[in-house]
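Visitor: Have a look at this prediction, sequence included:
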Amino acid sequence: MLLHPLTWPDGKRVAASITFDIDADSLIRNACPQDGHLRLPQVTQGRYGPTVAVPRILETWRRFGVRQTFFIPAWTMEAYPATAEASLKAGHEIGHHSWRHEDPMGLTDEQEGELFERALETHVRMTGRKPRGYRAPVYNATPGVIARLIGHEFLYDSSLQADEMPYLIKAPQGEIIELPPHWGADDWPPFAHFEEIGYLMPVRAPSDGIRNFIEEFEAAHTHGGFYMPVLHPFLTGRLARWMVMERWLETIFEAGDVWFAPLEEIAEFAKARRDELRVDTIEEPGA
Ligand SMILES: [Zn+2]
């Protein structure tokens, strides 16, 4: 059923990365730049992520012996340096996720570029290297963003949705691997309730919401695909939800046929098989 299947390493059936975007209170500060810092319910809702949920998630990854990927806005890395440090110390990857969760589509190319570079400097200073992957806030990558990633020799993007397998983006400036997300494997639809950014959803029971991620996995597992839920510590890292998620993940780890890896390793693997990948073309801006 997959048009562009890949044979994963060591006879594994699925390549998986349970990715978390640690947005924290960058969300409310970006949505309400004048008084976001005064909106304590939304600030603390976000702050719960790096301070309570991430230690919980890191403990699960330590117990399972896996390294995974976190995307963190650079503002959040600076506001919560212990979170970035703990993730790095455990061998996890940190990807570029904007400066303060600004939506690239709401900015001029110049504004976006300035904030992108500012975030890059934070990554280099705090992690000792340029990130190899990028995910746009709200997945809103533009042709300008993709050009910038290629210019900075990023290995992969994780914002666009032309396939469910890793694929190759061909842009006027060059190529980049895409590790595609989609809304069905994102935890905002089942769990988010955030009026200030126009996101009011009927919050679902933990087992009900997490069923999305389980059924996505079952399809990837059946067809030898790629599994990459896009989760947020302040949503799926909540006690009851993480308890359900962790219990399910335990059964996956026990089965032993899943290749759990940070996205950069999956992107490297895909890049080495470039000719087997689906190709999606991005046109010249203005074309
Ligand atoms: Zn985000």
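Guide: Now that the structure is in, tell me what you want to look at. Residues are numbered from 1 along each chain as shown.

Visitor: ok, now which ones touch Gln29?
Guide: Just to correct that, residue 29 is Arg rather than Gln. With contact taken as CB atoms under 8 Å, 6 or more residues apart in numbering, Arg29 is in contact with Gly36, His37, Val43, Trp75, Arg100. Every residue, glycine included, has its C-beta placed from N, CA and C.

Visitor: so which of the residues you listed would you say is closest to the ion?
Guide: Set against the ion, the nearest of these by CB to the ion is Arg100 (10.5 Å).

Visitor: What about the closest residue to that closest one other than its chain neighbours, how many residues nearby?
Guide: The spatially closest residue to Arg100, leaving aside those adjacent along the chain, is Trp75, at 3.9 Å (CB to CB, 6 or more residues apart in numbering). A count of nearby residues for Trp75, using other CB atoms under 10 Å, gives 24.

Visitor: that's a helix at Trp75, yeah?
Guide: Yes: counting by DSSP: H, G, I helix; E, B strand; the rest coil, Trp75 is part of a helix.

Visitor: Pull up the residues of this protein that are close to the ion.
Guide: Asp21, Asp23 (CB under 5 Å from the ion).

Visitor: C-terminal to the worst-scoring helix or strand of the chain on mean pLDDT, what's the next element?
Guide: The weakest-scoring helix or strand in the chain, judged by mean pLDDT, DSSP states H and E, is strand 199-200 (a mean of 85). As assigned by DSSP states H and E, the chain's next helix or strand after strand 199-200 is helix 206-223.

Visitor: for the next helix or strand after that following helix, packing partners?
Guide: As assigned by DSSP H and E, the chain's next helix or strand after helix 206-223 is strand 226-227. Packing partners of strand 226-227 (3 or more CB pairs under 8 Å, 6 or more residues apart in numbering; DSSP states H and E): strand 14-16, helix 206-223.

Visitor: Swap in 10 Å and give it another go.
Guide: If you count contacts as 3 or more CB pairs under 10 Å, 6 or more residues apart in numbering; DSSP states H and E, strand 226-227 packs onto strand 14-16, helix 206-223, strand 258-260.

Visitor: which residues are contacting it?
Guide: By CB atoms under 10 Å, 6 or more residues apart in numbering, the residues outside strand 226-227 that reach it are 2, 5-6, 8, 14-18, 163-167, 179-180, 185, 213, 216-221, 252, 258-260, 266, 270.

Visitor: go again using 8 Å as the cut-off
Guide: Counting by CB under 8 Å, 6+ apart, 6, 14-17, 164-166, 179, 185, 216-217, 220-221, 258, 266 sit against strand 226-227.
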